[in-house]
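> Quick one, what's the 3D model for this:
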Amino acid sequence: MAAAVAGLDGVTFHDLYEAYPDMHISVSKEQELLRRHDTIVFQHPMFWYSSPAILKEWQDLVLEWGFAYGEGGDALRGKKLLSAISTGGPAEAYQRGGSNHFTIRELLVPFEQTARLCGMEYLDPFAIQGVSRLTETDLASEVARYRARIQSLRDDEKNA
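Next up, the predicted model:
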């Protein structure tokens, strides 16, 4: 997924693990990056029904009161947030009656509520599911679908 969007014109790809291998996140740098973009994508694998630790740390530090919410915290108001995830389990596992008991959308409610708190529009999530079972052809098709979704968001932003 990363390789499919990292080189797109008009898209900033920012890998938190690459930027902060020591997990010491620069809040000011990250807030400035957020200010410069109208659409934010949290792209990550689904780990234990949530995000990797670095994204949670990033949220805890960067989305602070007075910046992202609360008095004077309107820096993200009106921006869009997309969750773009991959799962090891197949789509049928993520539904009522499936082995994970909840839909992807239900499991992503904390991200949706974060967007709401920050005055952002939460977009329908993008998911590539069952990645460990996909053939190379199926994976290429899913990655192309993701690239098209990001290009569409970019193009909508340009035309706004």
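
> so the most centrally placed residue in the chain, which of the three states?
Nearest to the mean C-alpha position of the chain, by CA atoms, centre = their mean, lies F42 at 1.6 Å. Counting by DSSP: H, G, I helix; E, B strand; the rest coil, the backbone at F42 sits in strand.

> Do you know the pLDDT at the nearest residue to it once chain neighbours are set aside?
Spatial nearest neighbour of F42, excluding adjacent residues (CB to CB, 6 or more residues apart in numbering): S83 at 5.3 Å. In this view, the C-beta of every residue, glycine as well, is placed from N, C-alpha and C. With respect to pLDDT, S83 scores 97.

> Is S83 in contact with F111, as I believe?
Yes. Assessed by CB atoms under 8 Å, S83 is found in contact with F111 at 5.1 Å.

> For these two, list the residues in contact with both.
Counting by CB atoms under 8 Å, 6 or more residues apart in numbering, the shared contacts of S83 and F111 are 42, 122.

> Which one of these two is surrounded by more residues?
Between S83 and F111, counted using other CB atoms under 10 Å, S83 has the larger neighbour count: 25 against 20.

> How about residues contacting the host helix or strand of D156?
Using DSSP states H and E, D156 sits in helix 136-159. For helix 136-159, the external contacting residues (CB under 8 Å, 6+ apart) are 1, 3-5, 8, 10-11, 38-39, 41, 80, 82, 84, 123, 126, 128, 131, 134.

> Pull out the buried positions in that helix.
For helix 136-159, burial by neighbour count (16 or more other CB atoms under 10 Å) applies to 142-143, 146-147, 149-151, 153-154.
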